[in-house]
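Student: Sequence plus the predicted model coming up.
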Amino acid sequence: QVHLVESGGGLVQAGGSLRLSCAASGNIFSISDMRWYRQAPGKERELVARITRGGSAMFADFVKGRFTISRDNDKKTTYLQMNSLKPEDTGVYYCNCDVWILGNTDWTTYWGQGTTVTVSS
């Protein structure tokens, strides 16, 4: 089994910064894409950023220039650095990874439990 554990959420004022972390553990052979999603109250979950194993990153338009994504393959961890936070960034942030488990024959996608980010105005 694979577990993804997010951390780093909290309450911050508009204009502030937070750094989220997502650590994967379990019987992992390799991790491909690692992604961050978010879900605001009453809204659907949306993709925020994605990073490939090789480090190529993409961002949703609403966070470009403010958020960065990185990963440490040895630690099986991805990070989301969030700067210039806005009240509309409030929501639960979820980590999502494509994992190859030892003994499997295909990639499996896992989700973390989420970490809450609240940005006050």
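Tutor: Right, received. Where do you want to start? Since we're looking at a predicted model, the values are computed, not measured.
Student: what residue is smack in the middle of this structure?
Tutor: residue 36 (2.9 Å; C-alpha atoms, centre = their mean).
Student: Apart from its chain neighbours, what residue comes closest to residue 97?
Tutor: In space, and not counting its chain neighbours, residue 97 is closest to residue 34: 4.8 Å by C-beta to C-beta, 6 or more residues apart in numbering. For glycine as for every other residue, the C-beta is placed from the backbone atoms N, C-alpha and C.
Student: what's the answer for residue 28, then?
Tutor: Nearest non-adjacent residue to residue 28 (C-beta to C-beta, 6+ apart): residue 99, at 5.7 Å.
Student: all strands of this structure, in order?
Tutor: Using DSSP state E, the strands of the chain run over 2-7, 10-13, 18-26, 28-39, 46-51, 57-59, 67-72, 77-82, 91-101, 108-111, 115-120.
Student: so who does the residue nearest to the centre of the chain touch?
Tutor: Listed by C-beta atoms under 8 Å, 6 or more residues apart in numbering, the contact partners of residue 36 are 20, 22, 47-50, 69, 78, 80, 93-96.
Student: List only buried entries from those.
Tutor: Buried members of these, scored by 16 or more other C-beta atoms under 10 Å, are 20, 22, 48-50, 69, 78, 80, 93-96.
Student: shaky segments in the protein?
Tutor: Low-confidence segments of the chain (pLDDT under 70): none present.
Student: list the contacts for the residue in the chain sticking out farthest from the centre?
Tutor: Most distant residue from the mean C-alpha position of the chain: residue 103, 26.0 Å away (C-alpha atoms, centre = their mean). By C-beta under 8 Å, 6+ apart, the contact list for residue 103 reads residue 27.
Student: any idea how far residue 10 is from it?
Tutor: Distance check for residue 103 against residue 10: by C-beta to C-beta, to the nearest Å, it reads 38 Å.
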